[in-house]
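> Everything below, folded, please.
(one chain, ligands or ions: 2)
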Amino acid sequence: MATATVRSAPVKRPVVKDQPLFIGGKFVDSVGNKTFPAIDPSTGEVLCQVQEATTEDVDRAVKAARKALEQGPWKKTDAADRGRMLYRLADLIEKEAEELAALESLNSGKTISDSRGDLQAVVNTLRYYAGWADKIEGRTVPVRGNFLSYTLRQPVGVIGQIIPWNFPLLMLAWKWGPALACGNTIVMKLAEQTPLSGMRVAELSLEAGFPEGVINVLNGYGETTGHAIVVHPDVDKIAFTGHYETAKIIAKNAADTLKRCTFELGGKSPNVIFADADLDKAVDGAFHAIYFHGGQCCTAGSRLFVEQRIQKEFVERLAEKSKKRKLGDPLDPSTEQGPQVSQEQMQKILGYVEKGQQEGAKLVVGGKRFGNRGFFVEPTIFENVRDDMAIARDEIFGPVVSVLPFKDFNEVVERANNTYYGLAAAIWTKDIDKAHTFAREVKAGTVWVNCYHVVDTSTPFGGFKMSGQGRENGEAALEHYTEIKTVTIKLS
Ligand code: NAI
Ligand code: MG
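Ligands and ions are numbered 1, 2, ... in the order given. A predicted model of the protein is given here:
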């Protein structure tokens with residue numbers, strides 16, 4: 001989500017080899033040698049075969065993580081040295097950023113400039129948490145009686161981390177950074193659509209000096225591999241990013257062992273444009289808000305509230321820009337939008353476009369698959385949308401925006417909040433009164449004023465309502481990766 005560096009040199013197509021699992025510091029095949037294919041979403045072709053972790057493999061990974069936590073050198077590693085390992089990992093990733101970005105684009109369909117931006121954010125995140133490692137402190141607490149009480153902040157334990165495909169390496173970094181800074185060990189499952197880049201970073205983690213078993217990386221499907229992590233009795237916590245329906249299943253399955261869970265679950269974020277805004281910037285902002293990474297972004301500005309008196313001009317300008325957006329090969333630096341990640345996602349988006357039209361919304365531009373190879377969808381704008389239509393309620397996770405005109409401030413705040421989501425919101429105005437009141441009233445974990453998709457590793461990120469539980473990034477994440485222990489000593 002960081003700003004990308006624009007470079008125009010052509011990008012070499014990475015050579016991809018079959019993928020093993022990473023368990024206990026070793027690259028291994030799955031029990032039974034089960035595999036599944038990794039796909040190039042810009043062509044639909046198979047890139048390579050990937051080892052699929054079975055329940056037994058999950059158990060091997062959890063055992064390795066438990067051993068590293070309780071018996072290995074990790075337990076005795078000084079906090080400052082945990083930080084040094086994270087710094088080293090960040091350096092190694094930075095050195096290989098071009099190759100990793102190319103791999104990310106090949107497998108996820110992200111444009112190469114977006115992947116470069118992601119890689120910078122990955123490095124920033126690891127460095128940010130490297131700095132935290134030796135600053136996670138307990139407190140001395142004044143208590144009644146002649147006692148000394150203090151608190152220790154200790155790792156939660158073995159952390160099961162389940163991530164999606166839209167920001168494969170960035171989601172990895174958001175989860176590894178705080179977990180490792182706090183001294184936990186990890187069993188991570190990458191998304192089945194994007195099983196490649198995380199495995200390369202697993203290799204780099206060994207070079208960075210993380211002892212065997214501290215980090216374990218698996219591939220496989222959610223209902224099998226993911227499920228086995230969730231129900232494993234020796235996993236202490238689940239950190240998940242994905243759909244809220246999946247989170248509901250995970251929460252139920254984690255209940256038997258009362259695992260701690262944190263969830264980051266997407267949104268239907270309101271992007272509110274007032275007539276007094278700088279309209280050039282607001283048009284560009286609304287465009288970026290919805291089309292960034294083809295709309296496959298949890299914070300996508302998919303409900304575009306526009307003050308009625310500027311609606312016509314605003315939509316015309318947005319539509320003009322949309323028609324000019326360049327779709328194509330994500331590895332071509334001139335491409336502005338790559339394919340959606342999978343056939344399933346493309347079909348989901350096109351299904352919503354159809355539903356929008358059936359429910360009476362008016363298609364202004366786009367609405368179709370682009371080309372006949374790969375999983376591309378045209379930038380799409382709907383007008384005449386009612387708040388209760390499916391396209392205005394559900395997360396589409398594609399380049400599809402609903403324009404919703406409004407007349408006044410109170411009305412738009414109420415409508416902005418009339419959603420089961422609450423991840424992000426934005427307002428475009430020159431009036432500081434409106435801006436701050438909106439920021440206070442809107443139910444969302446992140447609020448942007450005159451900007452969009454600005455996410456920094458040092459600020460907390462997460463959602464209200466069905467958008468999640470807990471926060472990632474910033475100091476806030478550390479709370480979810482430590483247990484607080486109270487120690488009380490009788491003084492004579
Ligand atoms: P998903 O929630 O099914 O998958 C996310 C991760 O969870 C993947 O690693 C998957 O293998 C795993 N998973 C799935 N079922 C599981 C289970 N029963 N137990 C344990 N792990 C499980 O999301 P999916 O199917 O990739 O996308 C569907 C929709 O979810 C998207 O269209 C979008 O609306 C939303 N989504 C939101 C994301 C966000 O950034 N908040 C990211 C990806 C998807
Ligand atoms: Mg799913």
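> mind listing the helices in the stretch 51-200 of the chain by residue range?
Using DSSP state H, counting those that start in this stretch, the helices assigned to the stretch 51-200 of the chain run over residues 55-70, 79-95, 97-108, 112-132, 168-181, 197-207.
> which other residues reach the second one?
Meaning helix 79-95. Helix 79-95 has contacts (C-beta atoms under 8 Å, 6 or more residues apart in numbering) with 77, 100, 119, 122-123, 126-127, 129-134, 136, 177, 180-181, 183, 201, 204-205, 207-210. Every C-beta, even on glycine, is put in place using the N, C-alpha and C of the backbone.
> Without its sequence neighbours, what residue ends up closest to the spatially most central residue of the chain?
By C-alpha atoms, centre = their mean, the chain has its centre lying nearest to Met171, at 4.8 Å. Excluding its sequence neighbours, the residue lying closest to Met171 (C-beta to C-beta, 6 or more residues apart in numbering) is Ile163, at 4.0 Å.
> Just give me the neighbour total for Gly131.
Counted with other C-beta atoms under 10 Å, residues neighbouring Gly131 total 14.
> what do you get for the one 5 residues further on?
Residues contacting Ile136 under the criterion other C-beta under 10 Å number 19.
> Tell me, what's the model's pLDDT at the residue nearest to it when sequence neighbours are not counted?
Excluding its sequence neighbours, the residue lying closest to Ile136 (C-beta to C-beta, 6+ apart) is Arg153, at 5.2 Å. Listed pLDDT for Arg153 reads 98.
> One more: Gln120?
98.
> who in this structure is up against ligand 1?
When proximity is defined as C-beta under 6 Å from any ligand atom, the chain approaches ligand 1 at 162-164, 166, 189, 191-192, 221-223, 226-227, 230, 241-243, 246, 249-250, 264-266, 298, 345, 348, 395, 397.
> thinking again about what came up before, write down the beta-bridge partners of the residue nearest to Ile136, one by one.
Ile484 (DSSP bridges).
> Quick check: it vs Gly226, distance?
29 Å (C-beta to C-beta, to the nearest Å).
> which one of those two has more residues nearby?
Neighbour count, other C-beta under 10 Å: between Arg153 and Gly226, Gly226 has more, with 27 against 17.
> Retrieve the pLDDT associated with that one.
98.
> need the contact list for the residue of the stretch 351-492 of the chain found nearest ligand 1.
Using C-beta to the nearest ligand atom, the point where the stretch 351-492 of the chain gets nearest to ligand 1 is Phe397, with a distance of 3.7 Å. By C-beta under 8 Å, 6+ apart, the contact list for Phe397 reads Asn166, Gly266, Gly295, Gln296, Ala300, Gln345, Lys348, Ile349.
> which of those are buried?
Applying 16 or more other C-beta atoms under 10 Å to the contacts of Phe397, the neighbour count classes Asn166, Gly266, Gly295, Gln296, Ala300, Gln345, Lys348, Ile349 as buried.
> if we can go back for a sec, just to check, the residue nearest to Ile136 is in contact with Arg139?
No: at 9.3 Å, Arg153 does not count as touching Arg139 under the criterion of C-beta atoms under 8 Å.
> count of neighbours near the nearest residue in space to Gly462 that is not next to it in sequence?
Nearest non-adjacent residue to Gly462, counting by C-beta to C-beta, 6+ apart: Arg471, 3.9 Å away. Neighbour count of Arg471, defined by other C-beta under 10 Å: 20.
> out of the helices of the stretch 51-200 of the chain, deepest packed?
Mean neighbour count (mean count of other C-beta atoms under 10 Å) peaks for helix 168-181 among the helices of the stretch 51-200 of the chain, with a mean of 27.
> who does Thr241 bridge with?
Per DSSP bridges, the residues bridged to Thr241 are Glu264.
> ok, it - contacts?
For Thr241, the contacting residues are Ile162, Ile163, Pro164, Met171, Phe263, Glu264, Leu265, Cys298, by C-beta under 8 Å, 6+ apart.
> show me what contacts the residue nearest to Gly462?
By C-beta under 8 Å, 6+ apart, the contact set of Arg471 is Thr262, Gly445, Pro460, Phe461, Gly462, Ala477, Glu479, His480.
> Could you pick out which of those residues are located in strands?
With strands taken from DSSP state E, the overlap with the contacts of Arg471 comprises Thr262.
> buried subset of the contacts of Arg471?
Looks like the contacts of Arg471 have Thr262, Gly445, Phe461, Gly462, Ala477, His480 buried, using 16+ other C-beta under 10 Å.
> The fifth one contacts Pro178, correct?
Yes: under the criterion of C-beta under 8 Å, Ala477 is in contact with Pro178, at a separation of 3.9 Å.
> Residues that sit against both of those two, list them.
With C-beta under 8 Å, 6+ apart, Ala477 and Pro178 have common neighbours Tyr129.
> isn't the residue nearest to the centre of the chain right next to Ile162, touching?
No: here Met171 does not reach Ile162: they are 9.6 Å apart, not a contact under C-beta under 8 Å.
> which stretches of the stretch 251-400 of the chain have low pLDDT?
Across the stretch 251-400 of the chain, nothing is flagged by pLDDT under 70.
> where along it do the helices fall?
279-291, 311-324, 343-358, 390-393.
> Now the last one - C-alpha only, CSV.
What it means is helix 390-393. Provided in CSV are the C-alpha atoms of helix 390-393 (Å, rounded to 0.1, in the frame of the first residue of the first chain):
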residue,chain,number,x,y,z
ALA,A,390,-26.0,-6.3,-3.0
ILE,A,391,-23.4,-4.3,-4.8
ALA,A,392,-23.6,-1.6,-2.1
ARG,A,393,-23.6,-4.0,0.8
